[in-house]
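Undergrad: dropping the sequence and predicted coords here.
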Amino acid sequence: MERKDRLIQEYHHDPYFLKSKLPDPSVCEKCGVMFHNGVFDWVSTAPPDATKMVCPACRRIADSFEGGIITLEGLFLEGHKQEILNIIRNAENAQKTRRPLDRIIKISDLQGKIEVTTTYEHLARRIGDAVNSAYKGTLELQYSDGEKYVRVRWRRD
């Protein structure tokens with residue numbers, strides 16, 4: 001007889017999602033994203049009877065609890081900083097239309113490098129890919145073992 005307990009894998013729950021389902025419809029009182037039919041989506045106007053809540057992305061931003069971090073550095077960065085920042089914002093806007101909870105938490109302009117923190121790992125990966133696709137360079141991705149977190153490093157000299 002096959003043992004079923006060996007097939008069970010540990011599930012890492014996102015602490016910013018409730019274990020119980022949100023009331024349908026619910027709307028975030030900070031950003032306006034609506035939870036409806038089991039998914040978060042942007043709407044122009046929420047129904048007046050929608051339950052008010054704070055979405056997981058807004059909670060992560062308030063707590064500065066990132067799901068991904070991107071570090072951009074190198075001599076090339078200094079001469080193209082504004083163009084790279086535009087690519088970062090464009091990547092965020094494109095991702096937010098499909099995944100409303102993927103957002104930038106903070107962009108820090110440090111000495112000789114830019115550091116971007118995101119709410120979830122998907123956006124961090126997309127930003128790294130977008131910058132690397134536009135300007136080439138060296139792109140490194142490091143996923144934490146068993147966690148929903150990514151560290152992205154891009155460099156070009």
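TA: Structure's in. What do you need?

Undergrad: look up phi and psi at the most centrally placed residue in the chain.
TA: In the chain, the centroid-proximal residue (CA atoms, centre = their mean) is Y120; its distance is 3.0 Å. Per-residue torsions, Y120: phi -140, psi 160 (degrees, to the nearest 10).

Undergrad: spatially nearest residue to it (excluding sequence neighbours)?
TA: Of all residues not flanking Y120 in the chain, G67 sits nearest, at 4.0 Å (CB to CB, 6 or more residues apart in numbering). All C-beta spots, glycine's among them, are computed from the backbone N, C-alpha and C.

Undergrad: any idea how far that neighbour is from L22?
TA: For G67, the distance to L22 equals 20 Å [CB to CB, to the nearest Å].

Undergrad: who's more crowded, those two?
TA: Higher neighbour count among G67 and L22: G67, with 23 against 17, using other CB atoms under 10 Å.

Undergrad: quick one: neighbours of S144, just the number.
TA: The burial count for S144: 11, using other CB under 10 Å.

Undergrad: same for the host helix or strand of I87, what does it pack against?
TA: Per DSSP states H and E: I87 is located in helix 81-98. Packed against helix 81-98 by the contact rule (3 or more CB pairs under 8 Å, 6 or more residues apart in numbering; DSSP states H and E) you find strand 104-110, strand 113-118, helix 121-135.

Undergrad: make a markdown table out of these and add mean neighbour count, distance to Y16 and mean pLDDT.
TA: Compiled in a markdown table, the helices and strands packed on helix 81-98 are given as follows (neighbours: other CB atoms under 10 Å; distance: least, CB to CB, whole Å; pLDDT from 0 to 100):
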| stretch | mean neighbour count | distance to Y16 | mean pLDDT |
| --- | --- | --- | --- |
| strand 104-110 | 14 | 12 | 94 |
| strand 113-118 | 21 | 13 | 96 |
| helix 121-135 | 21 | 13 | 95 |
